[in-house]
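K.L.:
Sequence and predicted model, in that order:
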Amino acid sequence: MKRFFFFTILILSLLFCLGCNREDVKIRPSGKTLDYEQDETMETVFFSLEILNIEIARNFQEHIPESKKTKFLALEVSITNLSDKELPLTYGDFPLSLVDFETDQDHFLPLEAFLDEQLPDTFLLKSEENLIGLLIYEVPKEADEFQLIYEEIYQDDFIGNTHIFLIR
């Protein structure tokens with residue numbers, strides 16, 4: 001009988017605690033796809049990104065792609081850390097795809113830095129810090145519509161929302 005009473009109290013206590021609201025557990029947004037136009041500012045849970053200028057050219061600042069079937073797409077972006085912690089980012093965080101992509105060959109990463117104006121290959125933004133620089137891609141010559149994609153991935157590999165910037 002004592003065991004029954006003990007287990008009953010234990011189960012009721014556990015059920016009561018399940019209903020408690022813990023302040024240290026934050027509900028993280030996930031599963032949404034948010035679309036942006038060129039004149040809008042992308043706001044993720046980590047940072048904001050604004051496209052300041054777009055330049056598409058076969059010859060960009062005296063550089064020409066090796067393939068005759070490609071051209072450069074240069075995005076001048078402003079990135080601001082919105083969190084209260086340092087934010088590590090890399091050029092690989094900003095993949096680009098064709099709007100109507102069909103294969104993995106229709107996805108592009110920014111080129112590693114070859115100009116001073118480019119964002120570094122990896123960088124660390126302090127809380128509320130802003131950085132302006134170029135993301136430069138080598139894209140098919142005939143393509144004219146692109147999507148800059150950012151997927152929120154937390155340190156514990158939780159996947160948040162997906163943000164898509166339409167670039168024309």
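P.N.:
Happy to help now that I have it. Nothing here was measured: the structure is a model prediction, and the numbers come from that model.

K.L.:
For this protein, which segments count as strands?
P.N.:
33-36, 41-43, 47-57, 70-81, 87-90, 96-98, 107-108, 122-125, 130-140, 146-153, 159-167 (DSSP state E).

K.L.:
pLDDT averaged over the fifth one, what's the number?
P.N.:
Taken as a whole, strand 87-90 carries a mean pLDDT of 94.

K.L.:
Chain neighbours aside, what residue packs nearest to the residue nearest the centre of the chain?
P.N.:
Nearest residue to the geometric centre of the chain (CA atoms, centre = their mean): residue 150, 2.7 Å. The shortest distance from residue 150 to any non-neighbouring residue, by CB to CB, 6 or more residues apart in numbering, is to residue 163 (4.5 Å). Placement of C-beta: from N, CA and C, glycine included.

K.L.:
residues contacting the one you found?
P.N.:
The neighbours of residue 163, taking CB atoms under 8 Å, 6 or more residues apart in numbering as the test, are 33, 34, 36, 42, 44, 149, 150, 151, 152.

K.L.:
do you know how far it is from residue 67?
P.N.:
29 Å (CB to CB, to the nearest Å).

K.L.:
How about residue 162?
P.N.:
30 Å.

K.L.:
What of residue 79?
P.N.:
Distance, residue 79 to residue 67, by CB to CB: 29 Å.

K.L.:
Compare the two and say which is more crowded by neighbours.
P.N.:
Comparing residue 79 with residue 67 by neighbour count (other CB atoms under 10 Å), the higher total belongs to residue 79, at 24 against 10.
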